[in-house]
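# coords below, sequence missing:
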């Protein structure tokens, strides 16, 4: 355990140095091996140390004492800062509670609530002592002989390297390398999380990271840029944010042709009808009021993504299987917008044939979109790649020329831009189950 705690503390030294804070770690007794959920212990430690540095005075001191006492592991984190008022101490572990002073207003209160919950899962607790104008001390106590189930992991098996410290104190952003990989991933859907509070980003990340690829954004303006760049499958946004709030963000993204189809869930501490109504009127697809249970949020996300799959089926197959009246009025409006978007692309494809080589580069240039944005947009509303959509658009046009306008197979193939008649016959049969000549003889119908 010692090497893990030393590594976690080391991660915070640059942050302490920025405020000229003296950061000291004192391991006072030998730490025997015991089992715990190391990931949760790490989060508790990060939150306590992050808060200690965040709310410490300039050139102050932050001390961590670690020891075993009465068969309990104890970690004491103390700092010299603004202190916590006596009336606030009993409430600082409540979800989203913010103590009434200028520095605490920058926090969300979610970090301590999450830490308290994780401590309780270890049959432990977190205690706090504070002088209003002086030293504040948080003490984590966990039984050293804890009996745990299989989902917990022996601490000696875990890698001590950790990036969470920086993420919990600074604004989390997705790595450039990961950004480049997102467009090619097919196994997980992408969720863009927009919130100006690192603690909430960390909390939501913990809830969703196993099921989705996640992108973080720290304010509304940056959120819009990342939404247009990555075209996520869903956006999860706070309402109250600097520069651009969640309601304004909804309005802009729903009007933008690249992101108009993306479902948006707003997170808000306000439960009043006026606030919720404002969000819905600007295009929000759902509202979740804080605090919320993780399973509720996951259920809402799943429902919206399932609805988008039905929308995808409708747009790809027309009225086959799914009728437009089965969607809500809001979704029907999205259907009309996306049908127009696809119609415009189909027109570009067919107008360019046969003189122009119609491919992704051609569409990107004509539409003024990035390759990633175009790929994600078409994939989201049709389930197809750009090349698949181009090919199917050409095949649908060729089928009409053959069956309705009496074109020869070779003529239709050339007209829609296929250079190889052999390849044309192959993909035509794959799509329709008939050879082009069978369409010609009337053996099949569009």
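Great, that's in hand. Values in this document were obtained by computation on a predicted structure and should not be read as measured data.
# C-alpha from now on. contacts and neighbour counts both.
Will do.
# which residues in the protein form strands?
Using DSSP state E, the strands of the chain run over residues 22-27, 35-36, 61-69, 72-80, 125-130, 135-143, 153-154, 189-194, 212-217, 234-238, 264-268, 286-289.
# Adding distance to residue 390, write these out as a markdown table.
A markdown table is the format used below for the strands of the chain (distance: least, C-alpha to C-alpha, whole Å):
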| stretch | distance to residue 390 |
| --- | --- |
| strand 22-27 | 60 |
| strand 35-36 | 54 |
| strand 61-69 | 61 |
| strand 72-80 | 60 |
| strand 125-130 | 59 |
| strand 135-143 | 60 |
| strand 153-154 | 50 |
| strand 189-194 | 23 |
| strand 212-217 | 27 |
| strand 234-238 | 25 |
| strand 264-268 | 29 |
| strand 286-289 | 33 |
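# least reliable of the ones you listed going by mean pLDDT?
Among these, strand 153-154 carries the lowest mean pLDDT, at a mean of 40.
# Residue 423: neighbour count?
11 (other C-alpha atoms under 10 Å).
# Hmm, I typed the wrong one, I wanted residue 242.
The number of residues packed near residue 242 is 13, by other C-alpha under 10 Å.
# For it, give its distance to residue 348.
Using C-alpha to C-alpha, to the nearest Å, residue 242 is found at 40 Å from residue 348.
# Kindly report the same for residue 144.
68 Å.
# Which residue ranges make up the domains of this protein?
2-144, 176-314, 325-440 (automatic domain parsing).
# so residue 221 makes contact with residue 244?
Yes. The criterion here is C-alpha atoms under 8 Å, and residue 221 meets it with residue 244 at 5.9 Å.
# And these two? Which one has more around it.
residue 221 (19 against 16).
# Next up, the contacts around the more buried one.
Residue 221 makes contact with 243, 244, 249, according to C-alpha atoms under 8 Å, 6 or more residues apart in numbering.
# So residue 144 and residue 348 - more neighbours on which side?
Applying other C-alpha under 10 Å to residue 144 and residue 348 shows that residue 144 carries more neighbours, namely 21 against 17.
# Identify the residue spatially nearest to that one, adjacent ones excluded.
residue 72 (4.7 Å; C-alpha to C-alpha, 6 or more residues apart in numbering).
# And residue 370, by the same measure?
Counting by C-alpha to C-alpha, 6+ apart, the residue nearest residue 370 is residue 364, at 6.1 Å.
# In contact with that neighbour, which residues?
370, 371, 374.
# State the distance from it to residue 339.
19 Å.
# likewise residue 72?
Distance, residue 72 to residue 339, by C-alpha to C-alpha: 63 Å.
# Contact partners for the closest residue to residue 25 other than its chain neighbours?
Spatially, and ignoring its direct neighbours in sequence, residue 25 is nearest to residue 64 (4.8 Å; C-alpha to C-alpha, 6+ apart). Residues in contact with residue 64 (C-alpha under 8 Å, 6+ apart) are 24, 25, 26, 75, 76, 77, 78.
# ok, now residue 193?
201, 204, 214, 215, 216, 217, 235, 236, 237.
# what about the closest residue to residue 264 other than its chain neighbours, neighbour count?
Leaving aside its sequence neighbours, residue 264 sits nearest to residue 235 (C-alpha to C-alpha, 6+ apart; 4.7 Å). Residues lying near residue 235 (other C-alpha under 10 Å) number 24.
# Kindly report the same for residue 305.
17.
# Contacts only, for it.
233, 234, 263 are the contacts of residue 305 under C-alpha under 8 Å, 6+ apart.
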